[in-house]
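Visitor: Structure for the following, please:
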Amino acid sequence: MPIKFRLEKKFQMPVEVENDVRAQALGESWFGKGVGIPNFICVHVGTGVGAGIIINNELYRGTSFTAGEIGHTTIDSNGPKCSCGNYGCLETMVGGAALARRAQQAIRFGKESILEQWVQGDLDEINGEMLCRAAQHGDSVAEEVLADTGRYLGIGLANLINTLNPALIILSGGVSRAEHYLLKPLIKTLEKRALTKPANAVTIAISELGENSIAIGAFTLVLNKLFTPTGLGDALNSLF
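Guide: Down below sits the predicted model:
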């Protein structure tokens, strides 16, 4: 659906439409960890996994505006089926549903966990937020699931680092709440899998924009059009 065209026609004003994580990356470049860094990647891990890529201070959207779909890069070809139809996508290994699934399997195979008490035996109620809280209580199942998630995410980031050679990768979403359990196995995986030179050049950081990071990215789209030379030209063209 050409939503931009329809909304502009309906309300008679310029409308911006953008992928959420790409908008967030733009927000990071103006107000977050990416300020002053020309080449970086923002990776958001939640229900799904996506990336916003900044190259030479510009948001990279790709030929068909789908750049950054790292959640659908293959990590394990024998892994679970993804919503996209492929198997073993990064999203199926580190997304919220994946964490819950691994915790449920561990408990069904006999491992004890405080999670089972919290959901009163209904394991389908387990979610990523619960895992973070359980890990903070020293729950071994939650800690193991989050460590595995860090390793899988490390594989995905190693591919990004080897391909794009960024100076910075900013992590956001659920990982920001579980960084204590994720980052160490993630970094170890990068040390093993990423090429030495680009690995030494990159910094892994957690976003500080908080829960409003995507909203901040959304209004940054407008600021970018108003206060950059190319963006101003586009904005004027849309008005007249």
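
Visitor: use CA for all of it now, contacts and neighbours both
Guide: OK.

Visitor: so what's the residue nearest to the spatial centre of the chain bridging to?
Guide: Note on the chain: the residue nearest the mean C-alpha position is His44, at 1.6 Å, using Cα atoms, centre = their mean. For His44, the beta-bridge partners under DSSP bridges are Gly50, Ser172.

Visitor: Please report the number of neighbouring residues for Tyr60.
Guide: Residues lying near Tyr60 (other Cα atoms under 10 Å) number 18.

Visitor: ok, it touching Ile54?
Guide: Yes: under the criterion of Cα atoms under 8 Å, Tyr60 makes contact with Ile54 at 5.8 Å.

Visitor: which ones are touching the residue nearest to the centre of the chain?
Guide: Val21, Gly50, Ala51, Leu171, Ser172, Gly173 (Cα atoms under 8 Å, 6 or more residues apart in numbering).

Visitor: give me that answer again for 10 Å
Guide: 20-22, 24-25, 50-52, 70-71, 95, 170-176, 207 (Cα atoms under 10 Å, 6 or more residues apart in numbering).

Visitor: Same check on Ser113?
Guide: Residues near Ser113 by Cα under 10 Å, 6+ apart: Ala103, Gln104, Ala106, Ile107, Ala134, Gly138, Asp139, Ser140, Val141, Ala142.

Visitor: Quick one: buried ones out of these?
Guide: Ala103, Gln104, Ala106, Ile107, Ala134, Asp139, Val141, Ala142 (16 or more other Cα atoms under 10 Å).

Visitor: out of all of them, which helix in the chain is the longest?
Guide: Using DSSP state H to define each element, the chain has its longest helix at helix 140-164.

Visitor: Worst mean pLDDT across the helices and strands of the protein, which element?
Guide: Lowest by mean pLDDT, DSSP states H and E among the helices and strands of the chain is helix 229-239, with a mean of 57.

Visitor: What is the burial count for the nearest residue to Asn165 once chain neighbours are set aside?
Guide: Distance criterion Cα to Cα, 6 or more residues apart in numbering; nearest residue to Asn165, sequence neighbours excluded, is Pro198 at 5.4 Å. By other Cα under 10 Å, the residues close to Pro198 number 16.

Visitor: Now do Pro198 against Thr63, distance only.
Guide: 25 Å (Cα to Cα, to the nearest Å).

Visitor: Tabulate the CA atom coordinates of stretch 219-229 in CSV.
Guide: Provided in CSV are the C-alpha atoms of stretch 219-229 (Å, rounded to 0.1, in the frame of the first residue of the first chain):
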residue,chain,number,x,y,z
PHE,A,219,11.1,12.9,14.6
THR,A,220,14.8,12.8,13.6
LEU,A,221,13.5,11.9,10.1
VAL,A,222,11.9,15.3,10.0
LEU,A,223,14.9,17.1,11.5
ASN,A,224,17.1,15.4,8.9
LYS,A,225,15.1,16.9,6.1
LEU,A,226,15.0,20.4,7.6
PHE,A,227,18.6,20.8,8.6
THR,A,228,20.7,18.9,6.0
PRO,A,229,21.3,20.4,2.5
